[in-house]
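Undergrad: Got a sequence here, can you build the structure:
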Amino acid sequence: MVVRKQKRSRKYLGSRRWGVGNIKNARGAGDRGGVGKGGKKHKFTYVTAKTPELIGKHGFHVFDRKRRYEITLKEIARKLAKLEADGKSADSIDLPGYKVLSNGEITRKVRVKAYAFSKKASEKIKAAGGEAVTAAESE
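TA: Below you'll find the model as predicted:
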């Protein structure tokens, strides 16, 4: 198939100007003044006079300080195994801000304290002889 039009990048290879006339015309960010918010200086009076609502911050944003995370039983079992390998007690684990999900298995008796549990996760923990304690219950 015959290509009738060359790409601009190919067309201007070997030239310094890339079709902008004098090289002064394509220097720095000043050559993009007509696009979007770039080069505001020459548009500033229009913005302040005609569209002042575009200046500054508007509205409000509710910031949630309490971030919630999710952790699975598989990851909890891995953490407990690591604690045991380090020679620490692994009969309870505290997970503030976490919701425990039921993916995986837990094989030993352990007390898990977390923000929330899925129904199936708490059943699995109790079936292994452990205890699932939510943060609200312990306070």
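Undergrad: buried sites along the helix ranked longest in the chain?
TA: As assigned by DSSP state H, the longest helix anywhere in the chain is helix 73-85. For helix 73-85, the neighbour count (16 or more other C-beta atoms under 10 Å) marks 73, 75-77, 80 as buried. Quick note: C-beta positions are derived from backbone N, CA and C, even for glycine.
Undergrad: which other residues reach it?
TA: Contacts with helix 73-85, where a contact means C-beta atoms under 8 Å, 6 or more residues apart in numbering, come from 89-90, 93, 95, 100-108, 110, 112, 121, 124-125.
Undergrad: Check which helices and strands the helix or strand following it sits against.
TA: Next along the chain after helix 73-85, taking DSSP states H and E as the criterion, comes strand 92-101. Applying 3 or more C-beta pairs under 8 Å, 6 or more residues apart in numbering; DSSP states H and E, one finds that strand 92-101 contacts strand 69-72, helix 73-85, strand 111-117, helix 119-127.
Undergrad: Including distance to Val20, could these go into a markdown table?
TA: Shown next, in a markdown table, are the helices and strands packed on strand 92-101 (distance: least, C-beta to C-beta, whole Å):
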| stretch | distance to Val20 |
| --- | --- |
| strand 69-72 | 52 |
| helix 73-85 | 57 |
| strand 111-117 | 59 |
| helix 119-127 | 64 |
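Undergrad: List the residues that contact Ile125.
TA: 73, 100, 106, 110, 112, 117, 131-132.
Undergrad: of the buried residues of helix 73-85, closest to Gly19?
TA: Glu75 (57.6 Å; C-beta to C-beta).
Undergrad: Chain neighbours aside, what residue packs nearest to Glu123?
TA: Ser102 (7.8 Å; C-beta to C-beta, 6 or more residues apart in numbering).
Undergrad: from what I can see that neighbour touches Ser118, true?
TA: Yes: between Ser102 and Ser118 there is a contact at 5.3 Å, judged by C-beta atoms under 8 Å.
Undergrad: okay, now the domains of the chain?
TA: 8-54, 69-138 (automatic domain parsing).
Undergrad: that older thread, for ChimeraX, write the select line for the buried members of the contacts of Ile125.
TA: Selection of buried members from the contacts of Ile125 for ChimeraX, criterion 16+ other C-beta under 10 Å:
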select :73,100,106,110,112,117,132
